[in-house]
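Asker: have a look at this fold, sequence not included:
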C-alpha cells in the first residue's frame with residue numbers, strides 16, 4: 001500500500017509500458033475495415049458515401065468490407081443465430097476498424113443504423129468485440145449541414161470502447177453531391193471524406209497491434225476473470 005495512494009491496489013496499478021505500446025512484432029496484413037450505412041433506399045446516399053469511402057480505403061491499402069443491412073431484423077426480434085445477425089457479428093469480430101455512416105432523420109441517426117450497432121454484442125465471453133478498434137463517423141443530410149448524427153455515433157463509439165478518430169464527415173444536401181452513376185462529385189465534401197479515410201487508416205495502423213493494452217483497465221484487472229465474465233454477460237434490458 002502506498003501512503004500517498006492508500007486506496008490503490010499496488011499489485012494491479014501499473015505505469016504505462018512503452019514497449020507494449022510499440023511492440024516489435026507488427027501486423028503486415030492490410031487494415032481490416034468494416035463499413036456500415038443506415039438506409040435501405042434504392043438510391044441511398046449513405047450507401048453511396050460508404051461505397052466511395054470503401055474505394056478510398058482500398059486505394060489507401062486497407063481491406064474494406066461493406067455490410068448490407070437489408071434483411072437484418074430488429075434487435076431481439078430474432079435469435080442471435082439469424083443469418084444476417086451472424087454475418088454482422090462475424091464482420092465485427094474480423095474488423096480492426098469501422099466506418100459508420102448514417103443519414104440524419106428527425107435530427108438523429110436512423111433506426112436502421114442504430115439496429116446494426118445494437119446487434120453487435122457488448123461482450124463475447126469477457127471481451128467486448130469492439131474495444132480498442134478504430135472508428136470513423138460520417139453522415140448525410142437532405143438539408144443544411146448538421147452534426148447531430150455524427151455526434152450520436154461518437155457517443156456510441158465511446159460506449160463500445162472504440163478509438164474514434166478526431167476527423168469526421170457531414171455531407172449537406174447529399175442529393176446534389178453525387179452523379180447519376182453514384183459517384184461522388186469533386187468538392188470540399190469529397191476532400192473531407194478523403195481526409196477521414198486517410199486518418200482512419202493511419203490510426204488503425206498505429207493502434208491495432210496494441211489495442212488490447214490501450215483498453216486494459218485498472219478496475220478490471222482487480223476483478224477476477226470469473227467475476228468479470230459474470231458481470232459483462234448480464235443481459236441488458
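Answerer: Sure, I can see it. The structure presented is a predicted model; accordingly, all values stated were derived computationally and were not measured.
Asker: so which residues of the protein form strands?
Answerer: Ranges of strands in the chain, per DSSP state E, are 32-37, 63-66, 97-103, 134-140, 163-164, 169-171.
Asker: out of these, which gets nearest to residue 111?
Answerer: Taking CB to CB, strand 97-103 is the member of the strands of the chain nearest to residue 111, at 10.0 Å. Where C-beta positions appear, they are placed from N, C-alpha and C, glycine not excepted.
Asker: parallel or antiparallel, which strands does that closest one pair with?
Answerer: Pairing partners of strand 97-103, with direction, according to DSSP bridges: strand 32-37 (parallel), strand 134-140 (parallel).
Asker: avg pLDDT for the longest one?
Answerer: Translated: strand 134-140. Throughout strand 134-140, pLDDT has a mean value of 97.
Asker: next one: stretch 155-168
Answerer: Stretch 155-168 comes out at a mean pLDDT of 94.
Asker: so, low pLDDT: which residues of this protein?
Answerer: Scanning the chain for pLDDT under 70 picks out 1, 123-127, 224-237.
Asker: all helices of it, in order?
Answerer: 18-21, 45-59, 83-94, 111-119, 148-159, 188-207, 211-214, 218-221, 225-232 (DSSP state H).
Asker: show me which positions of the first one end up buried.
Answerer: Going by neighbour count (16 or more other CB atoms under 10 Å), nothing in helix 18-21 comes out as buried.
Asker: give me the helices and strands touching it, please.
Answerer: Counting contacts by 3 or more CB pairs under 8 Å, 6 or more residues apart in numbering; DSSP states H and E, helix 18-21 is packed against helix 211-214.
Asker: returning to that earlier point: could you dump the strands of the chain to CSV with mean neighbour count and distance to residue 150?
Answerer: Putting the strands of the chain into CSV (neighbours: other CB atoms under 10 Å; distance: least, CB to CB, whole Å) gives the following:
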stretch, mean neighbour count, distance to residue 150
strand 32-37, 24, 13
strand 63-66, 18, 19
strand 97-103, 28, 8
strand 134-140, 28, 5
strand 163-164, 22, 10
strand 169-171, 23, 6
